[in-house]
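Student: The sequence isn't on hand, but the structure is:
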């Protein structure tokens, strides 16, 4: 049986550099926005399915997806406002206004979807879901943040 002994000198242990991991802080709203985007784009997909099949199940899915997207969007907006008020972030006005317009259209869309029958989705609900999808996909280009965390980005 062979034993291996490992010896450390005190100078090696004391002078050896210890790696430090610095985590980058992300704003909470950056984690919430993609969920609302996914729900609202999913509603467009279910609207398309309803348009092609006329199965009421797809219309119900659309209503639930839009409602869930609006709830998550409200939470993301609250988190973004808190970040702005604590002055940890600077507003990205164009991105934030695009998101607000998409959410306002989604509020109208959920009201349109709450009607009864085929006209709850076709054509008005389908058009609104399509517009919301286009607006939200335009946010994809620069990431999901509605604010800038650095002073350089704030000047943009």
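Tutor: Alright, I've got the coordinates. Since this is a predicted model, take the numbers as computed values, not measurements.
Student: Just give me the neighbour total for the residue nearest to residue 54 when sequence neighbours are not counted.
Tutor: Take residue 54 and drop its neighbours on the chain: the residue closest to it by C-beta to C-beta, 6 or more residues apart in numbering is residue 118, 6.6 Å away. (C-beta placed from N, C-alpha, C; glycine too.) By other C-beta atoms under 10 Å, 13 other residues sit near residue 118.
Student: where's residue 118 relative to residue 102, distance?
Tutor: To residue 102, residue 118 is 25 Å away according to C-beta to C-beta, to the nearest Å.
Student: re the thing from before, hmm, the residue nearest to residue 54 is touching residue 55, no?
Tutor: No: using C-beta atoms under 8 Å, residue 118 is not in contact with residue 55, being 11.0 Å away.
Student: Show me where this structure dips below the pLDDT cut-off.
Tutor: By pLDDT under 70, the weakly predicted segments of the chain are 1-26, 143-144, 149-156.
Student: ok, 90 please
Tutor: For the chain, the stretches with pLDDT under 90 are 1-31, 80-96, 115-120, 139-156.
Student: mind checking the longest helix of it?
Tutor: If you go by DSSP state H, the chain has its longest helix at helix 56-85.
Student: For it, buried residues please.
Tutor: Counting neighbours by 16 or more other C-beta atoms under 10 Å, one finds that the buried residues in helix 56-85 are 58-59, 61-63, 65-70, 72-73, 75-77, 79-80, 83-84.
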